[in-house]
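# pasting the sequence and the predicted model now:
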Amino acid sequence: MHLEHIEVVNFRGIGRLLLDLEAETTVLFGENAWGKTSLVEALSSALGARPITEEDFYRLPNARATIAQRLGITLRFAGTETDTELDRLGWRDRAGVLHLSLQWSARRLERGRVRLRRVFLDGDGLELPMEAAEAERLADRIVRSHPLIVFRELRLAEWMATPASASDRDLRESPTRAVQRIFERLLAVPHQVHPEELARGLEALHRLAEQRPDLFKPKADVHPLRRASDMAETPLSLQDGRSLSDLASRAGSGMRQAALLVLVGAMLKAEAVAQSGSDSEIRVQPMLLVEDPETHLHPIQLAAAWNLLEQLPAQKLVTTAHGALLAGVPTRVLRRLVRHPRHVQVHPSPEATPLDPIDARRVAFHVRTHNAGSLFARVWLLVEGETEAWLLPELARVGGLGFPLEGIACVEFAQAGLAPLIAFADRFGIPWHLVADGDEAGRHYIAKARRMLKGRSAARHITALPDLDIEHFLWNAGFEDVFRTAAQGRVPPDAEDHEIIHRALKARTKPGMALELAEAAGQRGAGAVPSLMRHLFGMLRELARQA
């Protein structure tokens, strides 16, 4: 069975969190304060050895900082297994899939004591009547069958460091034990693992691949056909066609082999813990939790590590702040988390309508691949093209608003199309604001955005320039001299404004003119920023701080 849903209530920094998981990989992203560490600790308390203490109870956001009296961690599993003992604990859907819900329910007592119960819930969330001892026995079985493996850091470079002395371990130890031992030493004291010891560990990995092919059999085909829909869904492929067994069978001590040694060692350790109870025939289905794998890795190392992680026969839950990694997984596995005063919101919701294939392709190219940083923004400022993308952040800076500091990202829509970007932003809970020209195309964009407001205020999401375009707007807002200087010697003194603007743009190009206008605004100070722009920047600041 795999973990399909997590509910956390009143645990450390999380007031309430409901999170649906994919059967193979789920990738979480958001700002640092969304509760990542609390979620890791909640899972470690449920599926690992971490105890629940009084310090784990949520402090309510009120004047007295009241500590919650109860907390709960509920894990719902799903699978197609036929098991009489498990069948009586859960329920089956119309497709015959078994669902099983196990809750860790804790209550604060006096003098710092905590009472913890593990109970099974039915499909309506009600406790199943059961003797406490029997519930504990069955809960132990579920926990042992889903061991949690947590990687908080992937320091590939340190695993290859050269230490002072070699180990004199028994060369006759089993490959399973040898891999486990090197794994533990690489995590604990990577600088003390001698190259000879690492080489013996890699040789043990080679023998283990022959003895335990099940450990090296990937969950997915390593030579998949990349269909057009797959490319739109996962724009960056981080697979190179080399399987785990291929890497395990190679000689040498390359970084990938060392990484594989550690990952397989973790799987073996989890398997050993799971089968340490009375039921030695228990089927082990590990949960691999990887926290920010990019922290200590060069992008090339990250791609190599992800290539290995994706092939491991374990369910994966990954947190990241790396744009390339988000582009290297299907859109359907992404979850954006946003903290609110009493709960953590997960986007998209399970009921959200997926993007159609054409919109998915456009977003994949223009956002996920070439503007991945915007996925971490609090607000999207939707602008038509390069001119606005250069000019508006600089005008905002002059006016006292730093886009990067407030989490505001300019996203160009001219090539991607406006509708796909709004649909994607809404799906992942990213507030947006459109700036459109006053020409016919701008009116078309505004009409399209209005149709996608879904009851939201147009004033908070749309700014219409009163002039033909951004250049004419700034001409009328006091920057006429900048255009005349740029077009000097090219037009007669009595030329009309549109002709002067046209000549200036021809001399400087639109992006070049945007930079000169931004420079002029910087020289003149905040007072030169047009009032419409000041209003826009105030709205963006408000949207960002409410996000």
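Perfect, thanks for sending it.

# strands along the stretch 51-200 of the chain, start to end?
70-79, 91-92, 98-108, 114-121, 148-151 (DSSP state E, counting those that start in this stretch).

# quick one: these as TSV, columns for mean neighbour count, mean pLDDT and distance to Ala270 too.
For glycine as for every other residue, the C-beta is placed from the backbone atoms N, C-alpha and C. Shown next, in TSV, are the strands of the stretch 51-200 of the chain (neighbours: other C-beta atoms under 10 Å; pLDDT from 0 to 100; distance: least, C-beta to C-beta, whole Å):
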stretch	mean neighbour count	mean pLDDT	distance to Ala270
strand 70-79	20	97	16
strand 91-92	13	92	28
strand 98-108	20	96	18
strand 114-121	16	96	20
strand 148-151	20	88	5
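
# mind putting the ones you listed in TSV, distance to Val338 included?
Formatted as TSV, these follow (distance: least, C-beta to C-beta, whole Å):
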stretch	distance to Val338
strand 70-79	21
strand 91-92	32
strand 98-108	25
strand 114-121	27
strand 148-151	24
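
# between these, which one is closest to Pro492.
Taking C-beta to C-beta, strand 148-151 is the member of the strands of the stretch 51-200 of the chain nearest to Pro492, at 69.9 Å.

# list the residue ranges of the stretch 101-250 of the chain that fall below the pLDDT cut-off.
The stretch 101-250 of the chain contains residues with pLDDT under 70 at 153-172, 187-188, 190-191, 218-224, 240-242, 250.

# go with 80
When residues are selected by pLDDT under 80, those of the stretch 101-250 of the chain lie in 152-173, 181-200, 202, 214-226, 228-230, 232, 237-250.

# next: the stretch 351-500 of the chain.
For the stretch 351-500 of the chain, applying pLDDT under 80 flags the ranges 489-493.

# the helices in it, which residues?
357-363, 386-398, 403-406, 418-427, 440-451, 458-461, 470-474, 480-486, 497-508 (DSSP state H, counting those that start in this stretch).

# kindly report the same for the stretch 51-200 of the chain.
84-87, 132-145, 156-159, 175-188, 195-211.

# please identify which of these is closest to Leu468.
Nearest of the helices of the stretch 51-200 of the chain to Leu468, taken as C-beta to C-beta: helix 156-159 at 54.6 Å.

# what sits against Gln211?
Pro175, Thr176 (C-beta atoms under 8 Å, 6 or more residues apart in numbering).

# can you check Ala321 too?
Here Ala321 is in contact with Phe29, Asp292, Glu294, Phe376 (C-beta under 8 Å, 6+ apart).

# same thing with Gly522?
By C-beta under 8 Å, 6+ apart, the contact list for Gly522 reads Glu394, Arg397, Val398.

# quick check: phi and psi on it?
phi -60, psi -40 (degrees, to the nearest 10).

# most neighbours, which of the contacts of Gly522?
Neighbour counts for these (other C-beta atoms under 10 Å) peak at Val398, which has 21 neighbours.

# hmm, Gly527 and it touching each other?
No. Here Val398 does not reach Gly527: they are 9.5 Å apart, not a contact under C-beta atoms under 8 Å.

# neighbours of the spatially closest residue to Ala178 that is not a sequence neighbour, how many?
Closest residue in space to Ala178, ignoring its immediate chain neighbours: Ala204 at 3.6 Å, by C-beta to C-beta, 6 or more residues apart in numbering. Residue neighbour count, defined by other C-beta under 10 Å, stands at 24 for Ala204.

# Ala204: what's it in contact with?
Pro175, Ala178, Val179, Ile182.

# separation between it and Lys217?
Ala204 is 19 Å from Lys217, where distance means C-beta to C-beta, to the nearest Å.

# quick revisit: out of the helices of the stretch 351-500 of the chain, the one nearest Asp93 is which?
Per C-beta to C-beta, nearest to Asp93 of the helices of the stretch 351-500 of the chain: helix 418-427, 25.4 Å.

# put the alpha carbons of the closest one into CSV.
Only the C-alpha atoms of helix 418-427 are listed here, as CSV (Å, rounded to 0.1, in the frame of the first residue of the first chain):
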residue,chain,number,x,y,z
LEU,A,418,-2.7,35.3,-21.3
ALA,A,419,-5.3,32.6,-20.6
PRO,A,420,-2.8,29.7,-19.9
LEU,A,421,-0.8,31.8,-17.5
ILE,A,422,-3.9,32.9,-15.6
ALA,A,423,-5.2,29.4,-15.5
PHE,A,424,-1.9,28.1,-14.2
ALA,A,425,-1.6,30.9,-11.6
ASP,A,426,-5.1,30.2,-10.3
ARG,A,427,-4.5,26.5,-10.2
